[in-house]
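A.B. asks: sequence first, then the predicted structure, then my questions.
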Amino acid sequence: MAIIRIKNLVVRTIIGFNPEERVNLQDVILNVEIEVSVASAVMTDQPMDIYDYKSITKRIISFVSESQYNLLEKLTYEVLQMILSDKRVTWAKVEMDKPHALRYSESVSVELEERRS
């Protein structure tokens, strides 16, 4: 098994329930960990045998940028479920930061993880 990490992915979206948050795009920062088997890829060295992290990154960017959620928890959960929809993924963790959500704080984050049973 391998852990693929996508670090500090910044996406602009509508997130929050305050009136100004419903009209102004805000940055969210994602850190994602995805556990997948690389057994065949390390044997063949062929692109067709890998988990395509470029593709899932594009899907995450598209999904998050087009979404409009009230809660960071819900958006984080939906990204996690999208990642887990690929049957090759055995475990995933998503941490999503909302910079400047609190006064005197750099950011607030939510972290969710799930292992396929």
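C.D. replies: Now that the structure is in, tell me what you want to look at. Numbering: from 1, shown residues only.
A.B. asks: what comes up buried for the helix-or-strand element of the chain with minimal mean pLDDT?
C.D. replies: Using mean pLDDT, DSSP states H and E, helix 39-44 stands out as the lowest-scoring helix or strand of the chain, at a mean of 87. Within helix 39-44, the residues that count as buried by 16 or more other CB atoms under 10 Å are residue 41. Heads up, the C-betas are built off the backbone N, CA and C, glycines and all.
A.B. asks: other SSEs contacting that helix?
C.D. replies: Contacts defined by 3 or more CB pairs under 8 Å, 6 or more residues apart in numbering; DSSP states H and E place helix 39-44 against no helix or strand at all.
A.B. asks: residues contacting it, please?
C.D. replies: By CB atoms under 8 Å, 6 or more residues apart in numbering, the list of residues contacting helix 39-44 from outside reads 49-50.
A.B. asks: ditto for stretch 76-92
C.D. replies: 1, 30, 32-37, 51, 56, 59-60, 63-64, 67, 69, 93-96, 110-116.
A.B. asks: in helices, which of those appear?
C.D. replies: Among the contacts of stretch 76-92, DSSP state H puts 56, 59-60, 63-64 in helices.
A.B. asks: pull out the buried members of those.
C.D. replies: Neighbour-count burial (16+ other CB under 10 Å) applied to the ones in helices among the contacts of stretch 76-92 gives 56, 59-60, 64.
A.B. asks: tabulate those in CSV, adding columns for pLDDT.
C.D. replies: Listed next are these as CSV, based on pLDDT from 0 to 100:
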residue, pLDDT
56, 97
59, 98
60, 98
64, 98
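A.B. asks: what strands flank whichever strand in the chain runs longest, and is each parallel or antiparallel?
C.D. replies: For the chain, the strand with the greatest residue count under DSSP state E is strand 2-15. Applying DSSP bridges to the sheet, strand 2-15 is found paired with strand 26-36 (antiparallel), strand 68-69 (parallel).
A.B. asks: so what's the nearest residue to residue 37 once chain neighbours are set aside scoring on pLDDT?
C.D. replies: Distances taken as CB to CB, 6 or more residues apart in numbering put residue 1 closest to residue 37, at 5.8 Å, once the chain neighbours are dropped. pLDDT recorded at residue 1 is 91.
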